[in-house]
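Chemist: sequence and predicted structure, then a few things I'm wondering about:
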Amino acid sequence: MSATIAISENTDTRVRVARIWYGGIAVVVAIALIIQIILIFTGGQDANSGANATGPVGTRLVRLFSFFTIQSNLFVLGTSIALALNIFRDGKLWRVLRFDALLGIIITGLVYETILAPLVHLEGWAFVATIGFHYISPWATLVGWLLFGPRPRATWATTAWAFVWPLLWLIYTFVHGAVTGWYPYPFLDVNTIGFADSVRNSAVVLAIGVVIAIVLTLLDHHMPSLVRDRRPQPPIE
């Protein structure tokens, strides 16, 4: 009996720590997003590009939410809040959304660190926002998933469905760019590097995303986590 109580208390502690972790991520992303929106309204720097906000407020907001960085952080924000409220949340749609958050934010962190960071020179509150978006959010989300899970969650069907959003984002980016002449990232800017190079760069990032997705799925199938479901899980497909 005492051993059962000890196991139960240990599980409850892990669940509590996991919920606090995900809640902390949500707070960081929410603060960064609020800071960035205020900067957009006041003509401050954009934490994604380093440029000062210009033009109509509506255009500024559309551009802000057109960044893959912002969309991936929104996925992280929503799923982190959900996990902080219920760490055992599950469901087919939930699995796709959670995988999108994890995959998207890892790509965000890698692309920013390797390609964009040397090109973006931020000051003041924009620098604070980018720390949240590009440094804390990506790696805290990955660490949280590695430590706490919960798993298993990702079937191969989940992994495939998770690429609907990135593909739609690419289509939207090129259509929006063709209409307005604005592209969110220099490696996709058709006006500067041409359509062929933009598509090639997109394909490279997408291929890297596929590799990351496969690794995450395999880890999800075989790697233990500190938080485990209280009910038996169906076999991974």
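Modeler: Received it, and whenever you're ready, just let me know what you need.
Chemist: which stretches of this structure form strands?
Modeler: Taking DSSP state E as the criterion, the chain carries no strands.
Chemist: quick one: low-confidence parts of this protein?
Modeler: Scanning the chain for pLDDT under 70 picks out 1-10, 229-237.
Chemist: what about 50?
Modeler: The chain contains residues with pLDDT under 50 at 1-7, 232, 234-237.
Chemist: hmm, residue 121 is touching residue 49, no?
Modeler: No. Here residue 121 does not reach residue 49: they are 10.4 Å apart, not a contact under C-beta atoms under 8 Å. Every residue, glycine included, has its C-beta placed from N, CA and C.
Chemist: who has more neighbours, these two?
Modeler: residue 49 (20 against 10; other C-beta atoms under 10 Å).
Chemist: ok, the closest residue to that one other than its chain neighbours - how many residues close by?
Modeler: Among residues not flanking residue 49 along the chain, residue 120 sits closest, at 6.5 Å (C-beta to C-beta, 6 or more residues apart in numbering). When neighbours are defined as other C-beta under 10 Å, residue 120 has 18 of them.
Chemist: now do residue 136
Modeler: When neighbours are counted by other C-beta under 10 Å, residue 136 registers 17.
Chemist: repeat that for residue 174.
Modeler: 17.
Chemist: measure it to residue 115 for me?
Modeler: Going from residue 174 to residue 115 by C-beta to C-beta, to the nearest Å gives 18 Å.
Chemist: center of this structure, which residue is that?
Modeler: The chain has residue 105 as the residue nearest its centroid, 2.7 Å off, counting by C-alpha atoms, centre = their mean.
Chemist: where along the protein do the helices fall?
Modeler: 2-42, 57-64, 68-85, 92-111, 124-130, 137-148, 156-161, 164-180, 190-193, 195-222 (DSSP state H).
Chemist: tell me which of these approaches residue 228 most closely.
Modeler: With C-beta to C-beta, the closest approach to residue 228 among the helices of the chain belongs to helix 2-42: 7.8 Å.
Chemist: okay, angle between the closest one and helix 68-85 too, please.
Modeler: Orientation check (axes from the mean of the first three to the mean of the last three C-alpha atoms, to 10 degrees): helix 2-42 against helix 68-85 gives 150 degrees.
Chemist: ok, residue 159 touching residue 212?
Modeler: No. Under the criterion of C-beta under 8 Å, residue 159 makes no contact with residue 212, lying 10.3 Å away.
Chemist: neighbour count winner among these two?
Modeler: Comparing residue 159 with residue 212 by other C-beta under 10 Å, the one with more neighbours is residue 159, at 20 against 15.
Chemist: for the more buried one, give its distance to residue 94.
Modeler: 14 Å.
Chemist: can you check residue 183 too?
Modeler: Residue 183 sits 32 Å away from residue 94, going by C-beta to C-beta.
Chemist: which one's more surrounded, the two?
Modeler: It is residue 183, of residue 183 and residue 94, that has more neighbours when counted by other C-beta under 10 Å, with 21 against 15.
Chemist: verify the stated contact: the more buried one with residue 193.
Modeler: No. Between residue 183 and residue 193 there is no contact, the gap being 9.6 Å when judged by C-beta under 8 Å.
Chemist: counting neighbours, what do you get for the closest residue to residue 19 other than its chain neighbours?
Modeler: Using C-beta to C-beta, 6+ apart and skipping the chain neighbours, the partner closest in space to residue 19 is residue 84 (5.0 Å). As a burial measure, residue 84 scores 18 neighbours (other C-beta under 10 Å).
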